[in-house]
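[1] The following block contains a protein sequence and its predicted model.
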Amino acid sequence: MKLMEKAPAKINLALDVLFKRPDGYHEVEMIMTTVDLADRIELKEIKGNHIQILSHNRFVPDDHRNLAYQAAFILKERFGINKGVSITIEKNIPVAAGLAGGSSDAAATLRGLNRLWKLGLSMDELAEIGAKIGSDVSFCVYGGTALARGRGEKITHLPAPPKCWVILAKPTIGVSTADIYKRLQTSKMEHPDVPGMISAIMENNYHDVCEGLGNVLEQVTLQLYPEVANIKDQMKTFGADSVLMSGSGPTVFGLVEHDSRMQRIYNGLRGFCDQVYAVRLLGDRNNLE
Ligand SMILES: C[C@](O)(CO)[C@H](O)COP(=O)(O)OP(=O)(O)OC[C@H]1O[C@@H](n2ccc(N)nc2=O)[C@H](O)[C@@H]1O
Ligand SMILES: Nc1ncnc2c1ncn2[C@@H]1O[C@H](COP(=O)(O)OP(=O)(O)OP(=O)(O)O)[C@@H](O)[C@H]1O
């Protein structure tokens, strides 16, 4: 038996850090939302009792370092599953991009194996297990739009943001999330207005969503990698309504309402950036199929 799961990328419309915790993680408040750029995960029963990872992308590890592997491993251990599984990852989300590609693969694997192995777990239970794999995994289990608190695992669901295009552009560098958090000086942050972003989403107010975009990690990554600032500037020049770096970067996203302007920005950026995508917000949680 085999089945498929969609694993969409996320962007952070707002990312605030409140303080550094004694356990080394940072207490965050983030508004996350999924976009229609997705990996595809195929799960297939195989003989034996092992976990096999297959992917055509040379940057994706095929062993225990893969977050999808970790998702399968944790379910096997916890529920005493003596079955083999092959996990094929069709990688469409750029790797180490700030788009939670690995976390979304892990979340899709949790959802898929819950079905394949008939575990009967609720989404909340899967999200709790996901938190053990990584801070972004709980959100990715649900998808949609949410406020994420704690180290990212405390999820409060929100309605879909106003409809618009999202242009994603990733410079050819990979960024280490741990390194960016380590360099963050919590005394020197300009905090985004997270409650304001929640209101903008609740009121379906596109203008206020654009005005409210903010990410405290952006300054850190911009200082290390001037190419990220360059892409931000280009996106603004080509006419995006609002522009921000996602997560710890280096991917920059721009929000745009009008189709013709989206096309102009997309074409303009393609001139000097290899990985450019124009996608829709997925918005709510029913869009995982
Ligand atoms: C930047 C974001 O992607 C925004 O959504 C997340 O905050 C990071 O999520 P993630 O990549 O799933 O993070 P994890 O794999 O759990 O952690 C990677 C590293 O980032 C740092 N980290 C992560 C999350 C957090 N709230 N505080 C942290 O300081 C820690 O050093 C950790 O060792
Ligand atoms: N399924 C996976 N897909 C991609 N990378 C993975 C996966 N599993 C583990 N990794 C490892 O994780 C690293 C970060 O990859 P990923 O694409 O998840 O980063 P990211 O999008 O920046 O994540 P986040 O936004 O959650 O911080 C990669 O360099 C890779 O070695």
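    Received the coordinates, thanks. Values in this document were obtained by computation on a predicted structure and should not be read as measured data. Ligands and ions are numbered 1, 2, ... in the order given.
[2] contacts and neighbour counts: CA atoms only from here.
    Fine.
[3] chain center to the longest strand anywhere in the chain, what's the gap?
    As assigned by DSSP state E, the longest strand anywhere in the chain is strand 26-46. How far strand 26-46 lies from its chain's middle: 6 Å, per CA atoms, centre = their mean, to the nearest Å.
[4] Can you report phi and psi for Tyr277?
    The phi/psi pair for Tyr277 (degrees, to the nearest 10) reads phi -140, psi 140.
[5] ok, the closest residue to Met262 other than its chain neighbours - contacts?
    Excluding the flanking residues, the one nearest Met262 by CA to CA, 6 or more residues apart in numbering is Val256, at 6.1 Å. Counting by CA atoms under 8 Å, 6 or more residues apart in numbering, Val256 makes contact with Cys164, Trp165, Val166, Ile167, Ala240, Asp241, Ser242, Met262.
[6] ok, 7 Å please
    Neighbour list for Val256: Cys164, Trp165, Val166, Ala240, Asp241, Met262 [criterion: CA atoms under 7 Å, 6 or more residues apart in numbering].
[7] so it bridges to which residues?
    Beta-bridge partners of Val256, counted by DSSP bridges, are Trp165.
[8] so where do the helices sit in the stretch 1-150 of the chain?
    Counting by DSSP state H, counting those that start in this stretch, the stretch 1-150 of the chain has these helices, from start to end: 67-79, 101-116, 123-130, 137-142.
[9] Figure out which of these is closest to Pro226.
    Ranking those by proximity to Pro226 (CA to CA) places helix 101-116 first, at 23.4 Å.
[10] Next, the buried residues of the closest one.
    In terms of neighbour count (16 or more other CA atoms under 10 Å), helix 101-116 has its buried residues at 101-114, 116.
[11] Which member of the residues you listed is positioned nearest ligand 2?
    Relative to ligand 2, the closest of those is Gly102; by CA to the nearest ligand atom it sits at 3.3 Å.
[12] Please verify my assumption that that closest one contacts Leu67.
    Yes. Checked against CA atoms under 7 Å, the pair Gly102 and Leu67 is within contact range at 5.8 Å.
[13] Near the residue nearest to Glu190 when sequence neighbours are not counted, how many other residues are there?
    Excluding its sequence neighbours, the residue lying closest to Glu190 (CA to CA, 6+ apart) is Val216, at 6.4 Å. Neighbour count of Val216, defined by other CA atoms under 10 Å: 23.
[14] From ligand 1, how far out is Val216?
    Here the distance between Val216 and ligand 1 works out to 10 Å (CA to the nearest ligand atom, to the nearest Å).
[15] Can you tell me how far that residue is from Ala100?
    Plainly put, Val216 is 17 Å away from Ala100 if you go by CA to CA, to the nearest Å.
[16] go on, Ser246?
    Going from Ser246 to Ala100 by CA to CA gives 10 Å.
[17] Same check on Gly120?
    From Gly120 to Ala100 the distance is 26 Å (CA to CA).
[18] If you count surrounding residues, which of the two has more?
    Taking other CA under 10 Å, Gly120 and Ala100 do not tie; Ala100 has more neighbours (27 against 9).
[19] quick one: contacts for the more buried one?
    Listed by CA under 7 Å, 6+ apart, the contact set of Ala100 reads Ala9, Lys10, Asp136.
[20] at 6 Å what do you get?
    Listed by CA atoms under 6 Å, 6 or more residues apart in numbering, the contact partners of Ala100 are Ala9.
[21] What of the one 5 residues further on?
    Residues near Asp105 by CA under 6 Å, 6+ apart: Ala7, Ala68.
[22] Check what pLDDT the residue nearest to Glu190 gets.
    Looking at Val216, its pLDDT is 97.
[23] about what we covered before: do the longest strand of the chain and ligand 1 meet at all?
    Yes. Applying CA under 6 Å from any ligand atom, one finds strand 26-46 in contact with ligand 1 at His26, Glu27, Val28.
[24] doesn't Ala96 make contact with Glu249?
    Just to correct that, residue 249 is Gly rather than Glu. No. The pair Gly249 / Ala96 is not scored as a contact, 8.1 Å apart, by CA atoms under 6 Å.
[25] For Gln185, give its distance to Lys20.
    Taking CA to CA, one finds Gln185 at 10 Å from Lys20.
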